[in-house]
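>>> Here's a sequence, model it:
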Amino acid sequence: MPKARDPALRPYRISVYFAYGIACTFLFVQLLRSVTSDLYGKRADSAPQQSPVACLEEVERLYAELLARAVQPAPLGLESNALAREWDSWSRRWEGDLQRVGDECPLDSPDPAMRQLSQALDSIEELRRRLSRSGEDAAAEARRVKDALAEARRRLKIK
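Numbering: from 1, shown residues only. The predicted structure is shown next:
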């Protein structure tokens, strides 16, 4: 049979339960605040805002870099995995530059020129996505051709 609690210690038990409840509530609120701020919080405006001319030059630089990359010959041929790795590496760096330009330029301002820059930046990103997909399609087609040729060689018993 359980031992009965001493009624003289009841106020102490209540105060300990109350302190424990406050501590748990505090920790829960801090956890909830942290998750909410990560999900919905604003980014810190740590990046200095660039002038519209500097933003235009940055967007033009990104566009020129993308165009130069699009016509660059594939290293080690289309069917090589080195092309995919090299494209991924370049693409990650380029996307970081794109994000930096988006953060540093006041693209959401009511200025018509900045709205056009924002539209140009979005179009450049869409162009990069299309180039990535077409590169993947070309590499897949090159692999199919290579596999078909290898299978034809094998069936013709040619080394």
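
>>> tell me how far the lowest-mean-pLDDT helix or strand in the chain is from the chain's mean position?
Lowest on mean pLDDT, DSSP states H and E among the helices and strands of the chain sits helix 112-155, with a mean of 80. The chain centroid and the centroid of helix 112-155 are separated by 19 Å under C-alpha atoms, centre = their mean, to the nearest Å.

>>> Where does the prediction get shaky in the protein?
Residues of the chain meeting the criterion pLDDT under 70: 1-2, 42-47, 72-81, 83-84, 135-136, 138-139.

>>> swap the cut-off to 80 and go again
1-3, 41-50, 69-88, 107, 131-143, 145-146, 158-159 (pLDDT under 80).

>>> Which parts of it are helices?
10-40, 52-70, 81-104, 112-155 (DSSP state H).

>>> the inter-axis angle of the third one versus helix 112-155?
Computed by axes from the mean of the first three to the mean of the last three C-alpha atoms, to 10 degrees, the angle separating helix 81-104 from helix 112-155 equals 170 degrees.

>>> And for the shortest one?
An angle of 10 degrees separates the directions of helix 52-70 and helix 112-155 when computed by the same axes, to 10 degrees.

>>> hey, C-alpha coordinates of helix 52-70 in PDB?
The C-alpha trace of helix 52-70 is given here as PDB (Å, rounded to 0.1, in the frame of the first residue of the first chain):
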ATOM      1  CA  PRO A  52      20.700  50.100 -59.400                       C
ATOM      2  CA  VAL A  53      23.600  50.500 -61.700                       C
ATOM      3  CA  ALA A  54      25.700  48.000 -59.700                       C
ATOM      4  CA  CYS A  55      22.700  45.600 -59.700                       C
ATOM      5  CA  LEU A  56      22.400  45.900 -63.500                       C
ATOM      6  CA  GLU A  57      26.100  45.100 -63.900                       C
ATOM      7  CA  GLU A  58      25.800  42.100 -61.600                       C
ATOM      8  CA  VAL A  59      22.800  40.700 -63.500                       C
ATOM      9  CA  GLU A  60      24.500  41.300 -66.800                       C
ATOM     10  CA  ARG A  61      27.600  39.500 -65.500                       C
ATOM     11  CA  LEU A  62      25.500  36.500 -64.400                       C
ATOM     12  CA  TYR A  63      23.800  36.400 -67.800                       C
ATOM     13  CA  ALA A  64      27.100  36.500 -69.700                       C
ATOM     14  CA  GLU A  65      28.500  33.800 -67.400                       C
ATOM     15  CA  LEU A  66      25.500  31.600 -68.100                       C
ATOM     16  CA  LEU A  67      25.700  32.200 -71.800                       C
ATOM     17  CA  ALA A  68      29.500  31.400 -71.800                       C
ATOM     18  CA  ARG A  69      28.800  28.200 -69.800                       C
ATOM     19  CA  ALA A  70      26.000  27.100 -72.100                       C
END
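
>>> Much appreciated, bye for now.
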